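Visitor: Predicted model, plus sequence, below.
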Amino acid sequence: MTDVVLECRDLSKEYSVGPQTLRVLDEVQLRLLRGERVAIVGSSGSGKTTLLNMLGGLDTPTSGEVRLAGQQLSTLKEAERGRLRNQELGFVYQFHHLLPEFTALENVCMPLLIGRTPISEGRERATAMLERVGLGERIGHKPAELSGGERQRVAIARALISQPACVLLDEPTGNLDQQTAESIQQLMLELSQTLQTAFLVVTHDLALAARMDRTFTLKHGQLREQV
Ligand SMILES: Nc1ncnc2c1ncn2[C@@H]1O[C@H](COP(=O)(O)OP(=O)(O)OP(=O)(O)O)[C@@H](O)[C@H]1O
């Protein structure tokens, strides 16, 4: 099995706004290996979220290709792409995006149920994952009954529950105070190491970027590694 979990080649994205064409990504190359932690930094509007959306198969590039777990996304039918995404990717956003009507346990279980795991096994695995992120005592809480840091822990547990090859994170600690942000960052690093899951983080936070194995800067549509 190859160690490359997520890769893009010559990835470009243009938006048309009225008569204008905005080239946000310009032949971007990126290769993420199993268990690797990578940060992408860049100023506001540089295209970080756009890149993450392309890599996550949530939007289609103007040209170039994305390969996830060895499969080229553009060659897959929508349903196959959805299945692959559910199995091989986790997503964590600045605002947790948990379902408000459901408990922490049910939120974490959701990707497994979508992937047709039996409910009893799903609940068992979700409970174990919530214990792992330090929330064993909070599994019955709904998002509104959790602190901001706890909600992000639930979001991380949900992102990891399917044992994906890679987790994509968009400003995962941008909404938290410094101490809580640091504890969540520590948790992310520990989990990526023990589970050998690659983490790709886009952030403005240079301290968070510095904790990753590699950092890239996105500027004028191009990605450059900081050395
Ligand atoms: N659907 C769209 N149509 C047209 N332009 C868009 C669209 N989505 C994003 N853009 C433009 O593309 C550029 C990159 O946006 P993107 O959200 O990827 O930036 P970002 O680096 O994530 O910014 P931030 O750090 O502020 O979140 C911006 O100039 C934005 O205005």
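Guide: Cool, got the structure.

Visitor: so what's residue 166 up against?
Guide: 5, 6, 32, 68, 88, 89, 90, 197, 198, 199, 200 (C-beta atoms under 8 Å, 6 or more residues apart in numbering). C-beta: built from backbone N, CA, C; applies to glycine.

Visitor: do that again at 7 Å, thanks
Guide: Applying C-beta atoms under 7 Å, 6 or more residues apart in numbering, we find residue 166 in contact with 5, 6, 32, 88, 89, 197, 198, 200.

Visitor: Show me those that map onto helices.
Guide: residue 88 (DSSP state H).

Visitor: Most widely separated two among the contacts of residue 166?
Guide: Spanning the widest gap among the contacts of residue 166 are 88 and 200, at 12.6 Å by C-beta to C-beta.

Visitor: List the contacts of stretch 209-223.
Guide: Residues contacting stretch 209-223 (C-beta under 7 Å, 6+ apart): 23-26, 28-30, 36-42, 46-48, 51, 185, 189, 201, 203, 224-226.

Visitor: So that I can see them in ChimeraX, could you write out a selection of the buried residues among those residues?
Guide: Restricted to buried positions by 16 or more other C-beta atoms under 10 Å, the ChimeraX selection for these reads:
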select :24,25,26,28,30,36,37,38,39,40,41,42,46,47,48,51,185,201,203
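
Visitor: Next, format the contacts of residue 166 as a markdown table and append pLDDT.
Guide: Output for the contacts of residue 166, formatted as a markdown table (pLDDT from 0 to 100):
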| residue | pLDDT |
| --- | --- |
| 5 | 95 |
| 6 | 96 |
| 32 | 96 |
| 88 | 93 |
| 89 | 94 |
| 197 | 94 |
| 198 | 96 |
| 200 | 97 |
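
Visitor: In terms of neighbours, single out the busier of residue 88 and residue 200.
Guide: For residue 88 versus residue 200, the count of surrounding residues by other C-beta atoms under 10 Å is larger for residue 200: 25 against 19.

Visitor: Name the spans of this protein whose pLDDT lies under the cut-off.
Guide: 1-2 (pLDDT under 70).

Visitor: Spell out which residues of this structure are next to the ligand.
Guide: Taking C-beta under 6 Å from any ligand atom as the criterion, the chain approaches the ligand at residues 15, 17, 22, 24, 42, 44, 45, 46, 47, 48, 49, 50.

Visitor: Wait, the fifth one touches residue 48, no?
Guide: Yes - proximity of residue 42 to residue 48 meets the contact threshold set by C-beta atoms under 7 Å, at 5.2 Å.

Visitor: Each with direction, which strands does the strand or helix carrying residue 25 pair with?
Guide: Take DSSP states H and E as the rule and residue 25 turns out to sit in strand 20-33. Using DSSP bridges, the strands paired with strand 20-33 are strand 4-17 (antiparallel).

Visitor: Would you mark the buried spots in the partner strand?
Guide: 4, 5, 6, 7, 8, 11, 12, 13.
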